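Trainee: here is a sequence with its predicted model. Questions after.
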Amino acid sequence: MIDIKLLRENPKLVKENIKKKFQNDKLILVDKVLKLDEEWRKLKNEEDKLRSSRNNISKEISEAKKQKKDVSKLLKQAKTIPEEIEKTEEKRKKLETQIKEIMMVIPNIIDASVPIGKDDSQNVELKKFGKPEVPAYEIMHHSKLAEKNEWADFDSARETSGNGFYYITGDLALLHSAILAFARDYMVQQGFSYVIPPFMIRRKVVEGVMSFKEMDAMMYKIDGEDLYLIGTSEHSMIGRFIDKTISGKKIPLLLTSYSPCFRKEVGSHGLEEKGFYRVHQFEKQEMIVICEPEDSYKWYEKMWKYTVEVFEKMNIPVRTLECCSGDLADLKAKSVDVEAWSPRQKKYFEVGSCSNLTDAQARRLNIRIEGKGKIYFAHTLNNTVLASPRALIAFLENNQQKDGSIKIPTALQPYMAGKKYIGKITK
RNA sequence: GCCUCCGUCGCAUAAUGGUAUUGCACCGGUCUUGAGAACCGGGCCUUUACGGCUUCCAGGUUCGAUUCCUGGCGGGGGCGCCA
């Protein structure tokens, strides 16, 4: 959500930004909202004046009563005002709703450095980390490998819970916990504070953090309760700060959270594919930063690097792929995906996403900083440290040995009870 | 889940239908070598007006609601259930 003042003062800039994002159908909204805003201000002024006269008459009544004077004439005069206020207020509130609806869909001003492009096919590779190698031996699909080692039971999960669920068992379950714990500790070492948030949130919080469309496609609702299962800990983490003014002394807030994540994944066909790639339930270590407006790009650069480092320590080659203007969600000013190398598919796949939302999310949720004698909107950022079981796919492929066993990188061994290898030798 | 009491700035507190009081803390400014003291100020909105809004939230009654009524949310105490 951008500042309506920016729209008032510089509608041209807002329109240029919309064009950059190839959302030309939204261009008319700018003039529409300007008109509505002008009307709103007019009504607001009228209303203020009406209230002012009501307050004055009320005062007169109060004083007249004290002096035991007759107030019937004043009362008669006063009675007409509330009706007028109500009428004006009704109109104003209607306008307010319309304005807010439009402001919600006007995209955040993207950073000047964002590459211009229509959709994800025009995202730009920034840098490769590690060598994306394809070994001479065949890399087994993770679900086949899991089956051979009795590391997963998709068939039973389908019976108990449905497609898109899984049992992870034995050493793979250990590894799943290990990589999450490793990711958590890595972030703590970088100075982040560890948080376990609520895994369910109320509707009003959900509405704050996503659109109705997203809500329908993602969120599971608890029957008979005003509660939804979170799709990511970002929901409850950022929800914690709705309508809060944070003391400048506590800024930047560097938080890393763990949570299970639940997603309906409505309309995604990838769910048919066997394995861990697209599932209804996963676990994620996340990072959230709330900082001074001038520092958000400094944090943005640091944040995606942390993810790259975590994957490097797990011996997984990655690359960064910058979201082009058309692929950028409306709240985001800049965003980069971290993708892991798949030696089996000979291509990269998404394992994390780092975004700077500048002040758009903070304005929408009313998250402010108090300091230097001023109160102003914060900048907010979020990034995946590691999501499992998806990260396990990359792990099992890149650490797979010629004999079919899985080598545990040194950094992970303490989390795996010292084990250096897991898995049967199958070849 | 039930019964019961309660919700006013970060904390404490006043007003009990007449337009939110006071103290402490915090922050900014003035003064100062610096700190402290002292003094001035402190949220939001708009067309900056001796303007409007703000007593957990949403409604209602009223010329006027912190005060009365209804619902929600949050907290304390008691009972029940529970890893």
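Mentor: Received, thanks.
Trainee: please count neighbours and contacts with C-alpha atoms only from this point.
Mentor: OK.
Trainee: so which strand or helix has the one residue in the stretch 1-150 of chain A that gets nearest to RNA strand B?
Mentor: Per CA to the nearest atom of the strand, A:Lys42 is where the stretch 1-150 of chain A lies closest to RNA strand B, at 3.0 Å. With the criterion set as DSSP states H and E, the secondary-structure element containing A:Lys42 is helix A:27-66.
Trainee: list the helices and strands that helix packs on?
Mentor: On a contact count with 3 or more CA pairs under 8 Å, 6 or more residues apart in numbering; DSSP states H and E, helix A:27-66 meets helix A:4-9, helix A:11-20, helix A:72-105.
Trainee: what separates the residue of the stretch 1-150 of chain A closest to RNA strand B from A:Ile290, distance-wise?
Mentor: The span separating A:Lys42 from A:Ile290 equals 36 Å under the rule CA to CA, to the nearest Å.
Trainee: out of those two, which sits in the busier spot?
Mentor: Here A:Lys42 and A:Ile290 are compared on neighbour count by other CA atoms under 10 Å; more neighbours surround A:Ile290, at 28 against 13.
Trainee: part of a strand, is that one?
Mentor: Yes. Secondary structure assignment (DSSP: H, G, I helix; E, B strand; the rest coil) places A:Ile290 inside a strand.
Trainee: what sits closest to it if chain neighbours are left out?
Mentor: The shortest distance from A:Ile290 to any non-neighbouring residue, by CA to CA, 6 or more residues apart in numbering, is to A:Thr380 (4.7 Å).
Trainee: domains of chain A?
Mentor: A:4-105, A:120-422 (automatic domain parsing).
Trainee: first to last residue in the shortest one, what's the distance?
Mentor: As for domain A:4-105, its first-to-last residue distance stands at 13 Å under the measure CA to CA.
Trainee: surely A:Leu180 touches A:Pro260?
Mentor: No. Between A:Leu180 and A:Pro260 there is no contact under CA atoms under 8 Å: 11.2 Å.
Trainee: hmm, back to that, the domains of chain A: lowest mean pLDDT?
Mentor: Averaging pLDDT over each of the domains of chain A singles out domain A:4-105 as the lowest, with a mean of 89.
Trainee: sorry, back to before: can you list the helices and strands packed on helix A:27-66 in TSV and add mean neighbour count and distance to RNA strand B?
Mentor: Formatted as TSV, these follow (neighbours: other CA atoms under 10 Å; distance: least, CA to the nearest atom of the strand, whole Å):
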stretch	mean neighbour count	distance to RNA strand B
helix A:4-9	14	7
helix A:11-20	18	15
helix A:72-105	14	4
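Trainee: could I get those helices in a markdown table, plus columns for distance to A:Leu255?
Mentor: As requested, the helices and strands packed on helix A:27-66 are arranged in a markdown table below (distance: least, CA to CA, whole Å):
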| stretch | distance to A:Leu255 |
| --- | --- |
| helix A:4-9 | 30 |
| helix A:11-20 | 31 |
| helix A:72-105 | 27 |
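Trainee: who in chain A is up against RNA strand B?
Mentor: Near RNA strand B, the residues belonging to chain A are A:5, A:41-45, A:47-49, A:51-59, A:61-62, A:75, A:78-79, A:82, A:371-376 when assessed by CA under 7 Å from any atom of the strand.
Trainee: can you turn the buried part of those into a PyMOL selection?
Mentor: The command below creates a PyMOL selection of those among the residues of chain A next to RNA strand B that count as buried (16 or more other CA atoms under 10 Å):
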select buried, chain A and resi 43+44+47+51+54+57+61+78+376
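Trainee: so how far is A:Gly224 from the closest residue to A:Leu227 other than its chain neighbours?
Mentor: Take A:Leu227 and drop its neighbours on the chain: the residue closest to it by CA to CA, 6+ apart is A:Arg202, 4.7 Å away. Taking CA to CA as the measure, A:Arg202 and A:Gly224 are separated by 12 Å.
Trainee: same drill for these two, tell me which one is more crowded.
Mentor: Taking A:Arg202 and A:Gly224 together and counting by other CA under 10 Å, A:Arg202 has the greater number of neighbours (16 against 6).
Trainee: for the more buried one, list the residues it contacts.
Mentor: Applying CA atoms under 8 Å, 6 or more residues apart in numbering, one finds that A:Arg202 lies in contact with A:Asp226, A:Leu227, A:Tyr228.
Trainee: of these, closest to RNA strand B?
Mentor: Proximity of these to RNA strand B was ranked by CA to the nearest atom of the strand; the top entry is A:Asp226 with 7.6 Å.
Trainee: number of nearby residues for the residue nearest to A:Lys284 when sequence neighbours are not counted?
Mentor: Counting by CA to CA, 6+ apart, the nearest residue to A:Lys284 once its immediate chain neighbours are dropped is A:Ala387, at 4.2 Å. The tally of other residues near A:Ala387 (other CA under 10 Å) stands at 23.
Trainee: dihedrals phi and psi, A:Ala387?
Mentor: With angles defined as degrees, to the nearest 10, A:Ala387 sits at phi -120, psi 130.
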